[in-house]
Structure formats: structure tokens, C-alpha cells
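> Just to be clear, the model below is a prediction. Sequence and coordinates:
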Amino acid sequence: MSVLTPLDRPNSYIGRSVPRPNAKRLLAGRGRYVTDITLPRMLHVAYVRSPYAHARIVSIDATTAREMPGVRLVATGEDLAKLCAPWIGTMDHFKGMKSPPQLPLPIDKVVWSGQAVVAVVADTRALAEDAAEAVYIEFDELPAVVDIDAARAPDAPVISPELGSNLCFHGKIDTGGVEDVFAGAAHVVEEEFHFGRHTAVTMEPRAIIADYDASEGQLTVHHATQTPYQFQDIYARHYGLPESRVRVIAPDIGGSFGMKLHMYHEDMAVVGLSMMLGRPVKYVADRIESFVSDIHARDHRVRARMAADAEGNILAMDVEDVTGIGAFSAYPRTSVVEGNQVYRLMGAPYTFRNYRADLQVVFQNKVQMSQYRAVGHPVACTVTERLVDMIADKTAQDVFDIRSRNLIPDDAYPCTSPTGYQFEALSHHACLAKLKAMMDYDRLRAEQAELRTKGIHRGIGIATFVEITNPGPAFYGVGGARISSQDGAIIKITPSGDVHCSISVTELGQGTETIIGQIVAEHLGVDSNRIKVMTGDTDTTPHGGATYACRGAGIGGETALQAAKKLKANVLAVAAAILQDEPEKLDIHSGWIVDVATAQQRIELSEIARIAYFRSDTLPPGTQAQLSVAHHYAPQGYPFAFTNGVQACHLELDVETGLVKILKLWVVEDCGRVINPLLVDEQIRGGVVQGLGAAFFEECVYGDSGQLTNGSLADYLVPMAVEMPDIEIGHVETPTLDTQLGAKGVGEAGTAAASAAALNAMNDAMKPFGRTVAQVPMTPARILKALGHI
Amino acid sequence: MKARAFNYVKASTVVEALKAFEDAQDDASYIAGGQSLVPTLALRLQAPQLLIDIAHIPVLRGVDLQGDWLRIGALTRHHEVLTDPLIRQHAPLYSEAAPHVAHPAIRNKGTLGGSISHADPASEFPAMTLALGAELEIASRDGVRRVPADDFFLDLFQTAIEPGELLVAIHVPVVRPGHRWAFHELARRRGDFALVGCGILAEFVDDVVKQVRIAFFSVGSTPLRARQAEEALIGKKLDQAVIAAAQAVVGDDLDPPEDEHTPPAMKRHLARVLLGRLLGEIARQGA
Ligand SMILES: Cc1cc2nc3c(=O)[nH]c(=O)nc-3n(C[C@H](O)[C@H](O)[C@H](O)COP(=O)(O)OP(=O)(O)OC[C@H]3O[C@@H](n4cnc5c(N)ncnc54)[C@H](O)[C@@H]3O)c2cc1C
């Protein structure tokens, strides 16, 4: 006998692995990315870039370039400054934060190597590049500030003298009592961690076409971005255009990961160039340009201590983080959010109450560092989880036992972290138990011991984490940033009973449109293949936050759910009028109006639509059918919906060469209601791969003079399929009660803890040699150094 | 980035190709598989006026056994090197190296002659050319000559091929009974240029090393013979002490450049480890 589950209800799409409706189109090569778009009279821009990390611009000579074939415009910083108001990447709730004003192109000074200085617009990109080679810029090189300590030295050159120093932000958290706890603790462990810079490396690079039509004063921007509304606001304000005359369209997007929501100088310049020329202008970053102009991520040095009592109960943490963000803070979200999350997420899964942290965010002559998938999480997680393992070593406990002892109990919610984060309900212990069973932990340990006797060195590492999702206005809005934390949806029924939903969350390849379709189908009561979801166009969708910080499912999904329910009520009202019944006695199943009591089909939805649209004369007088609804939803209740989970990494270290084989990765994760298991699992897998990239491969390496020395895919190593392990995923579901849907975010969970689990596994593998590492990426050179071979 | 504009001609004979190059007054480049050349064009590191496509010249193709020598046409694709039974039998170090050269898409286009002419010191095939003791057949307007591998790799990306000359074929002395060989490389990702790599071809008589050629790549400005390590093996049985003696001197054979990602000390260490493993494998082949 089969057991009925919630999935056996009619139209039960939530919880099912519904395939992505757009996958076939993309696989068939019918995707339409910005690069694919060609507009009539469109021109192309190439930028002349600075070879220096820090230099004065003495002169620019573009006489020859202007004469070259196909060249339509050569523009400098001064030209664009006449059109574009400068921007400053600060937010008010980061007290004392500073950042200099920025312009599309610099006027008198360059502050990182690779910064665009002159724009050359021509009939083709190749012609623009030909002419760009003929632009002569005289620079007067200045001493570059590269290192985070050098940046804070008393005699350091100040990159923006008007700010007085190279310090962007200095934050402190202190719950009090930390010194005393450390002084009296039975065990204190301490480590200095280094987290390299890395970058997003999206398959589709940044791409933008600005099309200014002077006859209407209309700016249309085709933009590979995850946040079209934010850019509509920015382009309107900085170029002095009415918002109604700025349309931003985000077509298919080939990966984003947070990289495509920051203001980039080249992109802002393209808008001005189009306004100057009255023609569409296209800019597509090539891979070399991506490395020197896309935001980089991380770049932290963390010194941290943890205190525990004799049994290994954690008592306190004391943390100092210094992070380098480039020459200014990114706009409009600021580059402090990363460090802020690092020092607020430390120790978050654990019960201890005494915490002290110091955060310094430092300017340097490098490209901007800002939000990228799992903002701050991997740093906080790695530091915490490594220190927990060190306490386990000190107290001779197993890595599972030390965590069981210290994790917040599953029945202790609601509660707050020492840094003030409010947790509604987490499931650390349930996840830990599930992970241990999934990975067959005891067998792995036995195998490890046996292999060690044969000179084979395997390591097992685990890492628990919390993730910030579903952010409310506390995230950006309260800081004065014009970034929405609410979303909006418009759902309409067509005359044949199909459903269109346009919604402000966006599709970047992660499956947002799929889950929105599932939610609408389930809550309206129609087959999902009759629903079309449209996203990414500021003219045709309601204003909203779009995609950042894991909010698409939790906030966008709840918006769609509430909108669908509203529309359903409207449909049932019309149906009741037609059937001369009461709306409460009716429901919709698979596109049919049915009796609630008997599930008997009464009238088809398409018939209701036909009557409403074409034969309204047959409706009872006074009936106005409302077959379209608009609905907004802003999160209320908890400021964030925290999720949690635990990961484990199993690896084999070649102790002679420092090369590593990652054998397996396990993740148990609790994102609340799982809407589409396949998409959730693939989000986690993709995130894990990016976390393993940070752990072993990816790093933007700078030379002493501030040059990026590995800015190509030949030298910058991304994780590839052969090196990636199988990733097994399990779930615990603790829905949030703040919404009807119950979903939290999941997009960053994989990235949050993979590098921490990997670092712990590496240290476990090295244990017989009494050696340790505390730096990512764990390159062979660093491992060989740690092992004392070089 | 986009390449600068260039002209293109397709040559159907060696003479036609050589003449096209001469007519272009040296402002030309031959293109075979394009897997090294095209990236340099796209990055505008090179911008010749003329590309001369040599990929359709019949005499540059084919693999034939000619007595004690295997002739491999310069245009033999990496994929063919990987799968050709004659190469597997007579020049096996090429076959063993091939799976480590880039990825299938690149192996379908890239040519053995292109790899050897390009002479990237991190490339597998140039080093295996050295290990196999091959000879390179080079055509110029004055005729054809053969240069031994030991005299071929001159400096970073520099070979005995003069501007305008064409590499026509690679001639490999076939391996015989008594030969043993081994190849391995250490790379962070499969298909990447190696941190350090090595191929060894050794001739044994009664378990004693009579001759040996040890060729390293990614350890200097050209592929390098480890002459002192070779010296340490000649006339010896490959026991642990002999292997250790070779490992002790191999660091001096190499000339790794300063590189902050893989410092010279690391390359020397990895070369020692690799040499030990390969010699161990060769010793076991005799068991
Ligand atoms: C992503 C990627 C990864 C790679 N990884 C590796 C790797 O791991 N290991 C490795 O060894 N290589 C690697 N390569 C390089 C690859 O093997 C190239 O195919 C090879 O180096 C050049 O062969 P080709 O036929 O493509 O030469 P081309 O690119 O056509 O030419 C290269 C140079 O040689 C000259 N040339 C070509 N043929 C002749 C000839 N017959 N006579 C005279 N001159 C000639 C050309 O004029 C040019 O200067 C990689 C390439 C790519 C794109």
C-alpha cells in the first residue's frame, strides 16, 4: 500500500524536481545574451587601460587614434564627467566609513593597474582596439600601496589624500569579559589565517549595450546584471534622466555570483558614450579585462583566538580581521559588507557568549573587492571551524564530539548570537547526526588509520555553518542604499486560461523562473506548463530587489505565492458568480474549478476567462472580473532568515609533492522548505565547487608593484570537472514561520563551508607530521612549505 | 581582444609555403593547428601581416616506419599521437605524454610539429623529442637538413628552425628490446602545463643501464637533459642507492627560473621526487 504524501495533492509542484523550462532553449543554443544582441547603428567600445597601479595622468594624446578607420569617438574622463554625477560607495549604518568619489573614467590619477582611462568607440571592436593602441597616455608613476600592513603604516602614501588615510572603515564588537575569560581558560588556541583574493569567472563576462534615443530622451540598457532595478535607479540619478525614461533589460545571464550587481566604471561610461553619440554602444569585457576589472573577493588576514574550558566547552573568541578592498569601496553596496559579515558570523553556530572583534577595511592600489557568493561566510566559517578543531586536538576529542558539545541545541531557539544575529530555528545537531551517518564516519576513520601505515595520507574535515538569507531592509535600505528588499509580481490569466507571471526576482541560470512557476502553479491550481514566467525588464515587471544574498526563493517565492492566492480568490469570485455558488465552496485543480467537498469539476478556468474577457455581458450585473493581480511582499519579522548546515571533506594528500586529490564532499543543509530538490542540490554543488576553488586553486596574485601576475585562464586556475569530487547532499527541513512558503535561501550554502571543511581535512591529513596550514588557497607550494620540504 | 587584421594564404606544397614566407619579407607566420599561435594573435602579442596555412600540405602528414626510424609528419595531430599504433610501438614516450597535453578539443587541432616548433619549455612533446633522441627534418629554400634533438632546442621558444624554415617531419629511432621507458608529470589540474614533468628512455643489458636519456620539462628555458643524473646511472643496476644518487644530483641539472608561484626550490624538489618515482617504475619493469 502506498502512503499519500503532500506531493500527492493536485497541482503539488512545491517539493518536486520540476525541470527548468528554459534549459532546453539554452542547450539548443537559443539563449539570448547581451553579446548576441545587435542593434541598428550599434558601435563598440574598447578601453585604453593603465599599466600602472598608481600614477598621475600627465597627458592624453588621441590625435592619431581619432583619425583611424571607423573611429567615431574618443572620450576621456573629463568628457564623461560633464554628463555623469560622481558616486560614493558608502552606507550610513557603517559609522565612520569613508570612500572617495568615483567617475566613469579618471581625470587626473589612476589607482589600479588595468583601470580604464580612455574610451575609443568605433564601428567594430577590432577597429576600436586598433585605435586604442594609438592613444598615447603619459603617466607619472606614484608609489603603489599593495600590502594591507603597508597601507596602514604611518608613512604610507595615501591613495585618496582627501580622506586622510587608507582606512575605509574600522569596526569593533565587544560583548565584554573576553580578557577575563581568556585569562582563566584551561585551553587557548590561536592562529593567523590568510584568505587570498579570487574572482567570479562567470562563463558569460560582463556585457552591456546602452542605447540612448535623444528624440525621446529614452535610455535603454541591455545589461548582463542580476539587479536591473538598482541600475535603472543609478543610471537615472547619475545621468539626470527621469526614471520613467530609463529601461534596463537583463536578458539571459551566464552566471553572476554577486559579481554582476556592482557599478563598474566601463559600464557607467558606456551609458555616457551612447548619450554623446546618440547611438547604441556595446561593451563586452574579454577575459583579460574581466580579471582586472570585475570585483575580486575575500582578501583577509585574520588573527583569532578561541578559549575553552578543560572539557572543551568553548568560552570565547577574540578576532582581528584586516581586509584589503582596492582603491575605493564598491557602489552602491559598499565593500564593507564582506568584512562586516566576517566579524559578525564568527562562532555563530556555537553557544559561547563572550566575543570581541576588530575589523579594519583598508584601501590599496588593486581592483575593487566586494560582494561575491557567500559574502564573508567562508572566512568566518574557516576561522571558527579550524579553531574548533584545534580545541578538539587540545582536549583529545573527536571532531564530531567537540561540535556536539558546543553547537546551539536544536531546541534552544529562538536565540541570538553573541554578535546580535537573531536565529528563528536552526538544526545543527540534526544535520550533524545525518552527516555522520551519510559519510559512514567510523569506517572512514578506520580506513584512514590503516592507510597511514602504508604511507597513504588521507584527511577528514568537517565544518558547520550558518548562512544569512532573505535579508530585510536592515541589509541595505537602512544604510541609505536605494536597494529594495521587497519584491513584486503581476500575474494575469490569458483568455485561454494560460498564466503569465512577471516578477522582480531575476534568472541567472539558477532556476528562479522555474520555482516561481512551481509556486504559482501550486497556489493558483493550474498545470505548470501553462505558466510563463518573465523576469529582468524594468519596463514590464514590478520594482523589486531582484537577486542578491539568497532571496529569490524566500522573498520572490513568497511574493509569487501571495499573488497567486490573491488571483485565485479573484477567479473563485467570478466562478461563484457564474455558478451561483459560494466562493468558499470552490477550489481550482489543474485548471478546473472544482467543488471543495467532492473535487468534482464544475467549470474550466479557460471558460471563466473566455466569459470574463469576451462575454462580460453574461455575468451578473456589478461583477467586474479581476483576472490580473499585482502584489508586493517585503520580509517582516526576523531581519534575516538564517539557514544552517554542515559539510565534510575527504581528501588524499601526496606528502612528497603537495598535490591533493579531493575524494568526496558531503553536505547536509537546512534551507527550510525545499521547493525544487534538484535545483537546491545543484545550487549546493555549484557553491561547493566555488568553495573548493577558493580552497585549492583560485587566487589573484599581485606583484610588488601592484600588477596582477596571473590574470588569464592559463595562469588563474578555476576548479575543473576532473579535480572535483562527487558531492553527496542531504537535507533537514526547518521552514521559516515568517512566511507561508517557509523557504529560506540556499545559493551560498555550498560556498560558505567547503573551504573550511577542506582546510580541516588538510590539517587532519598532515597530523602525523605535526604540521599545519592556515592559508587558502592551499597550493602545492604552500603545502610543501608547511611540510618542510621547501 | 581581437586580433589585428592579417592576410591569409593556404599553401599546398612546402615550396609554395616557403616562397610565400619569403615574399612577405618575413612579416609572416606559419599556422598549423593554431593552438599556440591564435591566442598570441588574439592577445596582440604577435601581429604578422600574413598567415600561411600549412595544414593542407600532404608531405607534412603521415606516420611511416622507415627501417630503424619512425617518420612522423609534422602535421600529425596530438590526438593521432595519442592513438596511432606505430607511434605507440616505436616511439612510446610520445603516446604516454599525449593524454597529458591539453584537452580533447585542443588535441584535435594541435600538431606535433607545431608543439616542437613552438618549443614551449613547459610542453610535453619537445621534452619527449629529447628523451627519444629524435631528429628534426627542416626544409628551407636551400633544401632539407636533419638536426638532432640535442642541438635543436636553443632557448626560450627558440629552436634550430630559422625564420621562414619549415619543420617537415620528426624522425625517431625506434625502441628495441632492452629499452625501458617511463613518463609522468605533476600538474595541479589534468591537462594543464605541468609544474614539472619528465620522460626517461633507458637501454638495459643484463639489468645494467647501458644508455639513458632523461628529459625534463617546465624546469628551465628549454626542455633539459638531466646529464648528471644520467651519468649516475650508466653502468649501474637500478637499486635504491643508485636511484638516490641520481636524485641527489638532478637538482643541479635543472635551471628553473624565478617564479613566485613555483619557486626554483620547489621545482627542484618535485623533480627529485618525480625522478625517484620514474626510476622506481623502470626498475620494476625489469622484474
Ligand atoms: C588551453 C590550451 C592548453 C594547452 N595545454 C598544453 C599542454 O598541457 N601541453 C602542451 O604541450 N601544449 C599545450 N597547449 C599548446 C598546444 O599543444 C599547441 O597545439 C601546440 O603547442 C602548437 O601546435 P599547433 O599545431 O597548434 O601550432 P600553431 O599554433 O599553429 O603554431 C605554433 C607556432 O609554431 C609554428 N609552426 C607550426 N608548425 C610549424 C612547422 N611545421 N614548421 C615551422 N613552424 C611551425 C607557428 O608558426 C607558430 O609560431 C595548449 C593549448 C591551449 C590552447
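Done, it's in.

> CA atoms of the longest helix along chain A as CSV?
When every helix of chain A is counted residue by residue (DSSP state H), the longest turns out to be helix A:557-579. Extracted as CSV, the C-alpha positions of helix A:557-579 are listed here (Å, rounded to 0.1, in the frame of the first residue of the first chain):
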residue,chain,number,x,y,z
GLY,A,557,8.8,32.9,-3.9
GLU,A,558,6.6,34.3,-1.1
THR,A,559,5.6,37.2,-3.3
ALA,A,560,4.5,34.8,-6.0
LEU,A,561,2.6,32.7,-3.5
GLN,A,562,0.7,35.6,-2.1
ALA,A,563,0.0,37.0,-5.6
ALA,A,564,-1.2,33.6,-6.8
LYS,A,565,-3.6,33.3,-3.8
LYS,A,566,-5.0,36.8,-4.4
LEU,A,567,-5.6,35.9,-8.1
LYS,A,568,-7.2,32.6,-7.1
ALA,A,569,-9.6,34.5,-4.8
ASN,A,570,-10.5,36.7,-7.8
VAL,A,571,-11.0,33.7,-10.1
LEU,A,572,-13.2,32.0,-7.5
ALA,A,573,-15.3,35.1,-7.0
VAL,A,574,-16.1,35.2,-10.8
ALA,A,575,-16.6,31.4,-10.8
ALA,A,576,-19.0,31.7,-7.9
ALA,A,577,-21.0,34.4,-9.7
ILE,A,578,-21.2,32.2,-12.8
LEU,A,579,-22.0,29.0,-11.0
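
> how about the residue of the stretch 301-450 of chain A found nearest chain B, what does it touch?
In the stretch 301-450 of chain A, no residue comes nearer to chain B than A:Lys366, which is 16.3 Å away by Cβ to the nearest Cβ. Backbone N, C-alpha and C define where each C-beta goes, glycine included. A:Lys366 sits next to A:53, A:112, A:146, A:197, A:296, A:324, A:326-327, A:702, A:706, A:708 when contact means Cβ atoms under 8 Å, 6 or more residues apart in numbering or on different chains.

> do the same with A:Gln775
Shown here is A:Gln775, whose contacts under the criterion Cβ under 8 Å, 6+ apart are A:193-196, A:782.

> Can you list phi and psi of the spatially closest residue to A:Asp61 that is not a sequence neighbour for me?
Nearest non-adjacent residue to A:Asp61, counting by Cβ to Cβ, 6 or more residues apart in numbering or on different chains: A:Tyr136, 4.4 Å away. Phi and psi for A:Tyr136, reported as degrees, to the nearest 10, are phi -110, psi 120.

> Now for A:Tyr136, how many residues are close by?
14 (other Cβ atoms under 10 Å in any protein chain shown).

> can you pull out the helices in the stretch 201-350 of chain A?
Per DSSP state H, counting those that start in this stretch, the stretch 201-350 of chain A has helices spanning A:228-238, A:265-277, A:287-293, A:336-345. These are given in chain order.

> These: which one's closest to the ligand?
If you check each of the helices of the stretch 201-350 of chain A against the ligand by Cβ to the nearest ligand atom, helix A:287-293 wins as the nearest, at 12.0 Å.

> do the closest one and the ligand meet at all?
No: under the criterion of Cβ under 6 Å from any ligand atom, helix A:287-293 makes no contact with the ligand; the nearest approach is 12.0 Å.

> Can you get me a residue count around A:Thr643?
Counted with other Cβ under 10 Å, residues neighbouring A:Thr643 total 28.

> Verify the stated contact: it with A:Val746.
Yes: the pair formed by A:Thr643 and A:Val746 meets the contact definition of Cβ atoms under 8 Å, at 6.9 Å.

> what residues do these two have in common as contacts?
Common neighbours of A:Thr643 and A:Val746 (Cβ under 8 Å, 6+ apart) are A:469, A:669, A:671.

> nearest to the ligand, of these?
The nearest member of the shared contacts of A:Thr643 and A:Val746 to the ligand, counting by Cβ to the nearest ligand atom, is A:Glu669 at 34.8 Å.

> Now do the same for that closest one: helix, strand or coil?
In three-state terms, and counting by DSSP: H, G, I helix; E, B strand; the rest coil, A:Glu669 is strand.

> burial of it, as a residue count?
Other residues near A:Glu669 number 31, with proximity taken as other Cβ under 10 Å.

> who touches it in this structure?
With contact taken as Cβ under 8 Å, 6+ apart, A:Glu669 is in contact with A:431, A:643-645, A:680, A:684, A:729-732, A:746, A:749.

> what do you get for A:Gln448?
A:458-460.

> A:Ala433 - that's part of a helix, no?
Yes: counting by three-state DSSP, A:Ala433 is found in a helix.

> any idea of the pLDDT on it?
In this model, A:Ala433 is scored at 98, pLDDT.

> Same check on B:Glu258?
pLDDT, the model's per-residue confidence, is 89 for B:Glu258.

> Just the buried residues from the contacts of A:Gln775, in ChimeraX please.
Restricted to buried positions by 16 or more other Cβ atoms under 10 Å in any protein chain shown, the ChimeraX selection for the contacts of A:Gln775 reads:
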select /A:193,195,196,782
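
> Quick one: name the residues of the stretch 51-200 of chain B near chain A.
For the stretch 51-200 of chain B, the residues in contact with chain A (Cβ under 8 Å from any Cβ of the partner chain) are B:186, B:188-193, B:195.

> The residue nearest to A:Asp61: what's it in contact with?
The neighbours of A:Tyr136, taking Cβ under 8 Å, 6+ apart as the test, are A:60-62, A:64.

> Distance of it relative to A:Gly70?
19 Å (Cβ to Cβ, to the nearest Å).

> got a list of what A:Ala564 touches?
Contact partners of A:Ala564, counting by Cβ under 8 Å, 6+ apart, are A:491, A:519-520, A:522-524.

> Skipping adjacent residues, who's closest to it in space?
Of all residues not flanking A:Ala564 in the chain, A:His523 sits nearest, at 3.8 Å (Cβ to Cβ, 6+ apart).

> Just the angle for the helix or strand that the one you found is a member of relative to helix A:557-579, thanks.
Following DSSP states H and E, the helix or strand that holds A:His523 is helix A:512-524. With axes from the mean of the first three to the mean of the last three Cα atoms, to 10 degrees defining the directions, helix A:512-524 sits at 40 degrees from helix A:557-579.

> Let me know the average pLDDT across helix A:512-524.
Predicted confidence along helix A:512-524 averages 97 (mean pLDDT).

> which neighbours does the helix or strand following the longest helix of chain A have in its sheet, and in what orientation?
Proceeding C-terminally, helix A:557-579 gives way to strand A:586-589 as the next helix or strand, assigned by DSSP H and E. With DSSP bridges as the criterion, the sheet partners recorded for strand A:586-589 are strand A:592-595 (antiparallel).

> Need phi/psi at the residue most central in space within chain B.
For chain B, the residue whose C-alpha lies nearest the mean C-alpha position (Cα atoms, centre = their mean) is B:Pro126; its distance is 1.4 Å. Dihedral pair for B:Pro126: phi -60, psi -40, per degrees, to the nearest 10.

> how far away is it from B:Leu167?
B:Pro126 sits 11 Å away from B:Leu167 when distances are taken as Cβ to Cβ.

> go on, A:Ala765?
Distance from A:Ala765 to B:Leu167, by Cβ to Cβ: 46 Å.

> What of A:Tyr239?
A:Tyr239 sits 57 Å away from B:Leu167 when distances are taken as Cβ to Cβ.
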